[in-house]
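[1] the sequence and its predicted three-dimensional model are supplied below.
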Amino acid sequence: MNRLFDLLLAKPLPDAWLQGLLFFAFTLHLLFVLITLGTAILAVFFFVDFHWRGRSMELLLDRRILRTFMAHKSLAVVLGVAPLLLMQVAFATSFFTATNFMAPYWMFFIALMIVAFLSFDILGHGIETHRRYHLAIALVALLALLLVPGIFVAVLTTAENSGQWLAISNHGFRLTGPLAWHWLFRFLHILGASLVVGAAFHYFFTAKLDTGRAALLPWIAAGVLVQIPLGLLLYTSLLVKPDPIIQAVLVVGVGGAALLLGVIFGAVRRGAFLTLKTVIPLLMLVLVAMLLTRQLLQNKQLLPLEKAVTANAREYGQVLQPHVAQAVSAYRAALPFSYNNAETIFLQSCAFCHGKNADGHGIEAKNLVIPAENLAAMRTTRPYLYRIILSGVPGTGMGYFTIYDRYQVDDLMAYLGEKYQVFAPPGDIPQPIAAPALAQAEATYAQTCAACHGPDGGGSPVSRGFKPPPPDLRVYSLTPLRAFQVITRGYPGTMMPGFGELAEAVRWGLVQTVYGKRTE
């Protein structure tokens, strides 16, 4: 980290409050995410089971399940805003770095949700299609929805492992090695949890008949069972090992899962059904314990980086402190000025390169490959200059200034016209040019200069792709002395070479020839 770029921003709440709110918000969000994912998996399975395997399910369980999709997916999305905002505040450096590393996937997030939600909405409303298309829509919807937590887990995995950022960057911003395995086990663990939570939700609130509950019970049992090996794999893939407190919380979660599994198998053995007051508390115990484990591990990995950034920012603040009074004084001195007038616009936006005296010697001019133009020596038309100001000059440091409106640009041009006569005629050549020298200059232009500037000064097919392009000599000139200098020395960084080998009289003749191209 470079301390010159670390900023210390005041947090709206103490860290302990932020951590508590993040845990509460994320728990609510994840609960509905798991219900949504579980609903999608179950709905697609029961659709295939009914339509393709010919197994009749009472009241078409896939449709009954999908009717609830709109409600809990909306809650999952809305409740996801809070943890995202809290992570941005609590772990700004880690979270924003991770989202930048995973930017191509992160930006795909919204598109995936739109595809998934619209597709499931089509299925849930029972829009009639051929069953092949129906199945295709279901599979596309499920795949798009499952990719969403995959992307989010990749962002979290990246944020929590700042020590691997260089390796991630060197591998094309992809998770590789142990980090990729950790992401995979974490993602699968979420999918396993979605089977348990989703099936339990529909077991109690959707499947009204015993046949429907009997079909969902194996999903709850299988989901709990599959979490055991996935949990072990996830534990062994951690790059930062848990401390005793985290392990104790993890043991509580594992114990809750074991009790839940016992309740499920007990009900299966007796041929009975699960009871809401037994299963839901155990499910919430397991969910809260696992999320608390995740939060404690996350704090262990993220808080040291945040503390380091804060320390760097404070140190940099001390470095800046002696300059604060000077900066404030300069700011107050500038307050009386109107930032809308032409002179201020020139000083704030143009003088860095073109110089305060418009001579091309601004403080940043030395860093430019193609030197800034000497505006005081420029002679052009208002439309041409207006186009340059708004569009810039490709290939040079002259950018486009569309931040200013038409009136501000007009005022700026009026300022340049009044102070530096940029709209005046080029002026008289300081010495007479003999006819033979002028004739040789015109021949030189036709044979050499016209290849780029064009016979009429408006450019040629050869120069059409140049960056920067040659100026339009029909509407753009330089003062005689400046034009003579450019013809003699060329223009550094451009395709314009110097012609110092020509006789001085011929070079002045070229100045006269170029002036003759002006049409305005």
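    In hand now; what should we look at?
[2] quick check: mean pLDDT of stretch 207-220?
    Average pLDDT, stretch 207-220: 77.
[3] can you give me the offset of it from its chain's centre?
    44 Å (Cα atoms, centre = their mean, to the nearest Å).
[4] beta partners for residue 379?
    residue 477 (DSSP bridges).
[5] packing partners for the helix or strand hosting residue 24?
    Using DSSP states H and E, residue 24 falls within helix 15-51. Using 3 or more Cβ pairs under 8 Å, 6 or more residues apart in numbering; DSSP states H and E, the elements in contact with helix 15-51 are helix 61-66, helix 69-90, helix 109-124, helix 131-159, helix 177-205, helix 210-236, helix 276-334. Every C-beta, even on glycine, is put in place using the N, C-alpha and C of the backbone.
[6] nearest to residue 388, of those helices?
    helix 276-334 (27.4 Å; Cβ to Cβ).
[7] what residues of the next helix or strand after the closest one count as buried?
    Proceeding N to C from helix 276-334, the next assigned helix or strand is helix 342-345, under DSSP H and E. For helix 342-345, burial by neighbour count (16 or more other Cβ atoms under 10 Å) applies to 342, 345.
[8] how distant is helix 342-345 from the center of its chain?
    So, by Cα atoms, centre = their mean, the centroid of helix 342-345 is 34 Å from its chain's centroid.
[9] so which elements touch it?
    Right, helix 342-345 is packed against helix 406-420 by 3+ Cβ pairs under 8 Å, 6+ apart.
[10] starting at the chain centroid, how far to the helix it packs on?
    Per Cα atoms, centre = their mean, the centroid offset for helix 406-420 relative to its chain is 37 Å.
[11] any regions of this protein where pLDDT drops low?
    Scanning the chain for pLDDT under 70 picks out 1-9, 50-68, 70, 124-132, 208-211, 334-339.
[12] to residue 513, which of the helices and strands packed on helix 15-51 lies closest?
    Going by Cβ to Cβ, the one of those nearest residue 513 is helix 276-334, 46.7 Å.
[13] angle of the closest one against helix 210-236?
    For helix 276-334 against helix 210-236, the angle by axes from the mean of the first three to the mean of the last three Cα atoms, to 10 degrees is 50 degrees.
[14] run the angle between helix 276-334 and helix 15-51 for me.
    Using the same axes, to 10 degrees, helix 276-334 lies at 130 degrees relative to helix 15-51.
[15] returning to that earlier point: if we compare the helices and strands packed on helix 15-51, which one ends up closest to residue 502?
    helix 276-334 (48.9 Å).
[16] and the angle for the closest one with helix 177-205?
    Helix 276-334 runs at 130 degrees relative to helix 177-205, counting by the same axes, to 10 degrees.
[17] how far does helix 276-334 sit from its chain's centre?
    Relative to the chain's own centre, helix 276-334 is displaced by 21 Å; criterion: Cα atoms, centre = their mean.
[18] likewise stretch 108-121?
    Chain-centre distance of stretch 108-121: 20 Å, with Cα atoms, centre = their mean.
[19] pull out the buried positions in that stretch.
    For stretch 108-121, by 16+ other Cβ under 10 Å, it's 109, 112, 113, 115, 116, 117, 119, 120.
[20] residues contacting the fourth one?
    Read it as residue 115. Counting by Cβ atoms under 8 Å, 6 or more residues apart in numbering, residue 115 touches 140, 141, 144.
[21] tabulate those (TSV), appending distance to residue 426 and neighbour count.
    Listed next are the contacts of residue 115 as TSV, based on distance: Cβ to Cβ, whole Å; neighbours: other Cβ atoms under 10 Å:
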residue	distance to residue 426	neighbour count
140	67	13
141	69	24
144	64	21
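[22] quick one: which of the residues you listed is nearest residue 38?
    Once Cβ to Cβ is applied, the member of those that ends up nearest residue 38 is residue 141, at 14.2 Å.
[23] if we ignore the residues flanking it in sequence, what's nearest the closest one?
    In this structure, residue 141 finds its nearest non-sequential neighbour in residue 119, 3.3 Å apart by Cβ to Cβ, 6 or more residues apart in numbering.
[24] does the one you found touch residue 135 like I think?
    No - using Cβ atoms under 8 Å, residue 119 is not in contact with residue 135, being 11.6 Å away.
[25] dump the contacts of residue 115 into JSON lines; add distance to residue 78 as well.
    Below are these laid out as JSON lines (distance: Cβ to Cβ, whole Å):
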{"residue": "140", "distance to residue 78": "24"}
{"residue": "141", "distance to residue 78": "20"}
{"residue": "144", "distance to residue 78": "19"}
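[26] for the helix or strand in which residue 247 is found, packing partners?
    Secondary structure from DSSP H and E places residue 247 in helix 244-270. On a contact count with 3+ Cβ pairs under 8 Å, 6+ apart, helix 244-270 meets helix 210-236, helix 276-334.
[27] just these: most buried one?
    helix 210-236 (a mean of 18; mean count of other Cβ atoms under 10 Å).
[28] any idea of the angle that one forms with helix 244-270?
    150 degrees.
[29] from here on, count from 893
    All set: I'll call the first residue 893, so the last point we hit is now helix 1102-1128.
[30] and helix 1102-1128, what does it pack onto?
    Counting by 3+ Cβ pairs under 8 Å, 6+ apart, the packing neighbours recorded for helix 1102-1128 are helix 907-943, helix 953-958, helix 1069-1097, helix 1136-1162.
[31] give me that answer again for 7 Å
    helix 1069-1097, helix 1136-1162 (3 or more Cβ pairs under 7 Å, 6 or more residues apart in numbering; DSSP states H and E).
[32] deepest of those helices, which one?
    With neighbours taken as mean count of other Cβ under 10 Å, the helices and strands packed on helix 1102-1128 reach their highest mean count in helix 1069-1097, at a mean of 20.
[33] got the angle for it vs helix 961-982?
    Computed by the same axes, to 10 degrees, the angle between helix 1069-1097 and helix 961-982 is 140 degrees.
[34] good, wrapping up.
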